[in-house]
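Participant: Sequence first, predicted model second:
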Amino acid sequence: MRALQKTQAGEGLEMTRVPVPEIGPDDVLIRVNKTGICGTDMHIWNWDDWAARTVPVPLVTGHEFAGEIVEIGRDVTDLSVGQRCSGEGHLIGRHSRQSRAGKFHLDPETRGIGVNEQGAFAEYLRLPAFNVVPLPEAIDDEIGAILDPLGNAVHTALSFDLVGEDVLVTGAGPIGIMAAAVARHVGARHVVITDVNPDRLALAARVADVVPVNVAEEELRDVFPRLRMKQGFDVGLEMSGNQRALDQMVETLTMGGRIALLGIPPGKSPVDWSRIVFKAITIKGVYGREIFETWYKMIAMLENGLDVRGVITHRFDAGAFREGFATMGGGASGKVVLDWTG
Ligand code: NAD
Ligand code: ZN
């Protein structure tokens, strides 16, 4: 089968031919139809310090996918051949206290497909049946292929009650934009999204009913009177990993504000802790998706009017993966989806 592999330590990926994976008794084999390119895949493509430290070579990359089950393991009883699905790319252990308490997303033994284990940028993917999430009719393969990052957005956005709240999303990347759309969907009063990239802000405004602010050009506080805001934002969703964005969030949050942090700063970054103490701010770090509550809720929302399709701006055949990665690297796109059916 065709598979997009990191074949050697260094930049780039190569389309290679590898055997179709063999499945174990608790696995399924999925024919991959569509995959999404993630920021993580860009790190692996670029072979930065994190990738060099983390990713074994050779490795089939990719973790955002949708497809169809073509084979099921001997002991799998609740899935069937022909079923359309996506799936959780975090493979969890069963031994930690967290796993045994059912908090699967907090398992410290988690391994990621396309990062530590063979991934989804291929014609076939082996996945434990436990990780499979069947897709309803209403969710087609290209939306199925972005459920992983939508799940990051949903997990972050649902960290706090947003009903009637004024929400600040910092970073209008694909995940920030989807988080803003979710915040609107669940009943936030105002959603303001910031970035320094005008293309991304324009995309945000097309996808969701949000107030875009280019913080390279505008004062964020200038939106307060326009939105009848008195003190500041009630909830902040940090989706940029940028130090200045987090500072600005702390600065513009109201007393008792709440912050969910998904963005990953590149290294250690200073925080004005006294501001956080005096404003009595609550901060929650967010990793991955809640397994499987986030999947349940996002599918329910997609079936009930949440529309994030506009965040997909580019579609390529898998053979044109170089163009796909270049588009993603250009910084102006939303999600880029590769089609493996050709
Ligand atoms: P992205 O890089 O596409 O988007 C980040 C955006 O932040 C960019 O558009 C950038 O222009 C913008 N930005 C830069 N400086 C800014 C500033 N001062 N103010 C506001 N915006 C600014 O990233 P993405 O794929 O949308 O992911 C969002 C973040 O979440 C990234 O940091 C990513 O590493 C992280 N992430 C975390 C998890 C997790 O499990 N915690 C999972 C996936 C992604
Ligand atoms: Zn991803």
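Facilitator: Ah, there it is. Bear in mind the structure is a predicted one, so any value in this text is a computation, not a measurement. Residues are numbered from 1 along each chain as shown. Ligands and ions are numbered 1, 2, ... in the order given.
Participant: can you map out the helices along the stretch 201-342 of the chain?
Facilitator: Assigned by DSSP state H, counting those that start in this stretch, the helices in the stretch 201-342 of the chain fall at 223-226, 243-252, 273-278, 293-303, 321-330.
Participant: Residues contacting the shortest one, please?
Facilitator: It refers to helix 223-226. Outside helix 223-226, the residues that touch it by Cβ atoms under 8 Å, 6 or more residues apart in numbering are 192, 211, 213, 229, 230, 232. Every residue, glycine included, has its C-beta placed from N, CA and C.
Participant: Can you get me the start-to-end distance on stretch 334-342?
Facilitator: Start to finish, the residues bounding stretch 334-342 are 23 Å apart (Cα to Cα, to the nearest Å).
Participant: Would it count as contacting ligand 2?
Facilitator: No: applying Cβ under 5 Å from the ion, one finds stretch 334-342 separated from ligand 2 by no less than 9.7 Å.
Participant: same question for that stretch, mean pLDDT?
Facilitator: Throughout stretch 334-342, pLDDT has a mean value of 97.
Participant: Use 337 as the first number from now on
Facilitator: Renumbered: residue one is now 337, and that last one reads stretch 670-678.
Participant: Buried residues in that stretch, which are they?
Facilitator: 670, 671, 672, 673, 674, 675, 676 (16 or more other Cβ atoms under 10 Å).
Participant: What of stretch 400-408?
Facilitator: By neighbour count on 16+ other Cβ under 10 Å, the buried set for stretch 400-408 is 400, 401, 402, 403, 404, 405, 407, 408.
Participant: Tell me the one of the residues you listed nearest residue 579?
Facilitator: Distances from residue 579 to the buried residues of stretch 400-408, taken as Cβ to Cβ, are shortest for residue 400 (27.2 Å).
Participant: What residues are bridge-paired with that closest one?
Facilitator: Taking DSSP bridges as the rule, residue 400 bridges to residue 372.
Participant: For ligand 1, see how far away it is.
Facilitator: Separation of residue 400 from ligand 1 (Cβ to the nearest ligand atom, to the nearest Å) stands at 10 Å.
Participant: In CSV, list the C-alpha atoms belonging to stretch 352-369.
Facilitator: The C-alpha coordinates for stretch 352-369 follow below in CSV (Å, rounded to 0.1, in the frame of the first residue of the first chain):
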residue,chain,number,x,y,z
THR,A,352,6.6,4.7,0.0
ARG,A,353,5.2,1.2,-0.5
VAL,A,354,4.8,-0.8,2.6
PRO,A,355,2.8,-4.0,3.5
VAL,A,356,-0.8,-3.6,4.6
PRO,A,357,-0.7,-3.9,8.4
GLU,A,358,-1.7,-7.2,10.0
ILE,A,359,-4.3,-6.9,12.7
GLY,A,360,-4.5,-8.5,16.1
PRO,A,361,-7.6,-10.0,17.7
ASP,A,362,-8.7,-6.7,19.3
ASP,A,363,-7.9,-4.5,16.2
VAL,A,364,-9.6,-3.4,13.1
LEU,A,365,-8.2,-2.6,9.7
ILE,A,366,-9.5,0.7,8.3
ARG,A,367,-9.3,1.7,4.6
VAL,A,368,-8.3,5.4,4.9
ASN,A,369,-10.3,7.7,2.7
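Participant: Any idea how far it is from the middle of the chain?
Facilitator: 23 Å (Cα atoms, centre = their mean, to the nearest Å).
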